[in-house]
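sharing a model prediction with you, sequence too.
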Amino acid sequence: MKKHLPTLILLSFLMLSLLTFVSPYTAVAHVSPYTAVAQDDELVILSPASESETVLIADKFADYYLAKTGRTVSVTYSVAGTSECVRRVIESEGSPKWDVLLTGGLEVYIELEGFGLLQSFCNPDDPDWVAINATVPDTLFGQFSAKDTTPENGMYNWWPTCMAGYGIIYNKEYFETHDIPIPKDWEDLTDPIYSGLITMSPPSRSGSNHAMMEIILHSYGWKVGWGIITRIGANVAEFSLSSGGVVPFVEHGTYPISFVWDGYAVQLAMREAPVEFFYPPRDEVEKHTIMLPDCVAILAGAPHPDVAYYWMKFMVSDEGQKLWLGTRLPFLKSVYEEAPAGYPNPYEMEMQTIEYNEELVATRWDVINGLFDNIIVAPQDKLRTVWGTIQEANTSINEAAAEGHDVSMARSALDEALNTMTSMPVDEAWAEANGAQYATDSEFSDARNAEWTAFAIEKYDDALSAAVTASYVWASEAIKAEQRTAESNLYIGLGGGFLLGAGIGGVAVYYRSKKKYEE
């Protein structure tokens with residue numbers, strides 16, 4: 001037994017090592033390298049940011065925390081899309097396993113604040129907090145909220161950490177090679193020329209794509225906006241599971257066009273990818289876009305609120321802000337002084353953005369996600385079929401009109417098909433009035449989802465029928481026109497034959513009479 005003892009000890013040690021090992025590459029949790037010594041404190045991050053960004057921030061915060069407190073900290077994290085993060089926080093009902101939320105659009109924080117799920121970051125007795133509060137203005141560009149100064153749900157529940165604008169990105173080499181016109185605005189992406197060339201992430205999977213759907217709705221109105229969104233959805237070749245998923249598709253020209261937030265454009269520019277990004281409309285000062293802060297916050301009921309307080313100070317400090325250079329647009333204006341040459345600076349951009357109702361967006365957040373998933377994503381095959389049939393009918397009708405034919409009846413049927421295809425089951429007032437219940441009452445949302453799915457199937461069947469009718473009406477009119485032409489030619493032929501026969505007969509009678517007279 002004694003000769004096997006070293007072997008047993010070694011095996012026990014190896015098993016214990018395997019049980020206690022945490023991989024730094026896990027997508028769920030990351031333990032900072034600074035935790036090699038005795039771990040005093042903990043922080044758990046819920047993050048819509050990329051894993052690489054989250055890891056960098058976790059490591060740098062551990063260093064900051066050690067310098068500030070003399071204590072070490074174990075930082076773990078969970079990474080998910082913005083909408084998924086929101087869902088998790090809501091379902092935690094004020095007892096989260098995370099301490100803080102890292103990034104995500106302003107609307108997300110307004111929604112969570114309205115449910116009482118954020119904790120105030122405020123301490124007038126702390127000189128660091130006083131300095132931060134003095135550095136961060138109340139508004140951004142005099143238009144958008146930059147920090148939480150409204151008293152309805154308590155003040156200072158969320159703070160800015162970086163900025164996000166939204167636009168269109170395309171692969172320059174692909175467009176040049178295939179001689180495709182570059183779109184100018186969101187509506188241009190409805191052109192069938194882009195069918196099969198677009199990739200995007202559904203708004204339920206991406207906060208940035210959610211913002212862009214709201215930009216379209218704010219710019220064009222509910223009815224027209226959903227018409228644009230539906231037709232773009234028909235042109236989409238593939239829906240990505242995340243906003244980051246579209247980047248390699250566009251970069252490599254697999255699907256050469258998409259819409260993204262400007263952080264991805266920054267990252268692509270830093271590695272000199274063959275892409276171009278613009279805030280629509282291209283080459284104009286008045287834009288159909290927004291420039292909002294991405295925020296950070298402590299979650300209500302955070303298990304480690306004292307550590308979370310230091311984390312908030314770090315994220316809004318110069319030290320924390322500089323971490324965004326190379327991947328995003330930092331919020332603090334002073335940080336851009338250390339940015340590399342040519343780095344986009346939102347404080348120097350000459351553009352006017354749309355009026356954007358953050359409160360309204362927060363209220364109907366989940367409704368927009370549900371409508372998009374049930375009306376566009378799930379039945380996309382039907383949507384594509386309808387859209388293709390409408391385009392074929394439209395081409396035939398346009399050709400007929402160019403030849404001078406009356407296509408009014410066919411055009412009316414085609415308009416009916418398009419209106420049916422882009423119709424929605426609820427209006428803007430319903431979305432605002434029922435947004436909170438849809439977000440929190442699963443029985444209510446499940447019932448609406450079932451209704452919207454059935455609505456989508458029925459409307460696409462009806463739209464397809466109307467598009468086919470448009471083609472039939474034009475074909476019928478064309479046949480009738482040909483029949484009228486043939487009948488006209490027949491009458492002309494008969495009339496011409498009669499006249500020709502009469503003429504010949506007259507000549508024959510004349511010569512017979514003349515001959516008889518001469519005899």
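Structure received.

in stretch 316-333, what counts as buried?
Within stretch 316-333, the residues scored as buried using 16 or more other C-beta atoms under 10 Å are 316-317, 319-325, 327-332. For every residue, glycine as well, the C-beta is placed using N, CA and C.

and that stretch, how far from the chain's centre?
Stretch 316-333 has its C-alpha centroid displaced from the chain centroid by 24 Å (C-alpha atoms, centre = their mean, to the nearest Å).

could you do stretch 421-441 as well?
So, by C-alpha atoms, centre = their mean, the centroid of stretch 421-441 is 18 Å from its chain's centroid.

got phi/psi on Gln352?
Torsion angles at Gln352 (phi, psi; degrees, to the nearest 10) stand at phi -110, psi 130.

any idea where the helices of the stretch 251-400 of the chain begin and end?
Assigned helices in the stretch 251-400 of the chain, in chain order: 262-270, 305-315, 318-321, 358-363, 365-372, 380-402 (criterion: DSSP state H, counting those that start in this stretch).

which parts of the first one are buried?
Of the residues in helix 262-270, those buried under the neighbour-count criterion (16+ other C-beta under 10 Å) are Asp262, Gly263, Tyr264, Ala265, Val266, Gln267, Leu268, Ala269.

picking up where we left off before, which one of the buried residues of stretch 316-333 is nearest to Ile298?
Proximity of the buried residues of stretch 316-333 to Ile298 was ranked by C-beta to C-beta; the top entry is Val316 with 12.2 Å.

find the nearest non-adjacent residue to the closest one, please.
Ile132 (5.0 Å; C-beta to C-beta, 6 or more residues apart in numbering).

please determine how far that neighbour is located from Ser317.
7 Å (C-beta to C-beta, to the nearest Å).

just Asp125 next, same as before
Distance, Asp125 to Ser317, using C-beta to C-beta: 18 Å.

kindly report the same for Arg231.
Counting by C-beta to C-beta, the gap from Arg231 to Ser317 is 45 Å.

and for Pro181?
From Pro181 over to Ser317 the distance is 46 Å, taken as C-beta to C-beta.

which strand in the protein runs the most residues?
Assignment by DSSP state E gives strand 159-171 as the longest strand of the chain.

looks like Ser83 contacts Gly207 (just checking).
Yes - at 6.5 Å, Ser83 counts as touching Gly207 under the criterion of C-beta atoms under 8 Å.

sort out for me which of the buried residues of stretch 316-333 are in strands.
Leu329, Pro330.

out of the buried residues of stretch 316-333, which is nearest to Glu53?
Thr327 (5.9 Å).

any idea which element the residue positioned nearest the centre of the chain lies in?
In the chain, the centroid-proximal residue (C-alpha atoms, centre = their mean) is Asn209; its distance is 2.0 Å. Counting by DSSP states H and E, the element that carries Asn209 is helix 207-220.

Val386 and Leu332, how far apart?
Distance, Val386 to Leu332, by C-beta to C-beta: 49 Å.

which residue, neighbours along the chain excluded, lies closest to Leu329?
Spatially, and ignoring its direct neighbours in sequence, Leu329 is nearest to Met163 (4.4 Å; C-beta to C-beta, 6+ apart).

what is the neighbour count of the one you found?
Using other C-beta atoms under 10 Å, Met163 has 23 neighbouring residues.

hang on, the earlier thing: list the buried residues in whatever helix or strand comes next after the helix holding Asn209.
With elements assigned by DSSP H and E, the helix or strand that comes after helix 207-220 is helix 222-235. Neighbour counts using 16+ other C-beta under 10 Å place Gly225, Trp226, Gly227, Ile228, Ile229, Thr230, Arg231, Ile232, Gly233, Ala234, Asn235 of helix 222-235 among the buried residues.

now, which of the residues you listed sits nearest Trp311?
Distances from Trp311 to those, taken by C-beta to C-beta, are shortest for Ile229, at 37.0 Å.

could you measure from that closest one over to Ala302?
37 Å.

then Arg364?
On the measure of C-beta to C-beta, Arg364 and Ala302 end up 28 Å apart.

pass me the low-pLDDT residue ranges in the stretch 351-500 of the chain, would you?
For the stretch 351-500 of the chain, applying pLDDT under 70 flags the ranges 473-500.

mind listing the strands for it?
Using DSSP state E, counting those that start in this stretch, the stretch 351-500 of the chain contains no strands.

now, of the helices of the stretch 251-400 of the chain, which is deepest in the fold?
helix 365-372 (a mean of 24; mean count of other C-beta atoms under 10 Å).

helices or strands up against it?
Secondary-structure packing of helix 365-372 (3 or more C-beta pairs under 8 Å, 6 or more residues apart in numbering; DSSP states H and E): helix 82-92, helix 106-114, helix 207-220, helix 222-235, helix 428-440, helix 442-518.

show me which residues of the fifth one are buried.
Within helix 428-440, the residues that qualify as buried by neighbour count (16+ other C-beta under 10 Å) are Glu428, Ala431, Asn434, Gly435, Ala436, Tyr438, Ala439.

give the next helix or strand downstream of the lowest-mean-pLDDT helix or strand in the chain.
None of the helices or strands of the chain scores lower by mean pLDDT, DSSP states H and E than helix 5-20, at a mean of 36. Later in the chain than helix 5-20, the nearest helix or strand by DSSP H and E is strand 41-47.

now do the buried residues in the helix or strand following that next one.
Moving toward the C-terminus from strand 41-47, the next helix or strand (DSSP H and E) is helix 51-69. With burial defined by 16+ other C-beta under 10 Å, the residues of helix 51-69 counted as buried are 53-62, 64-66.
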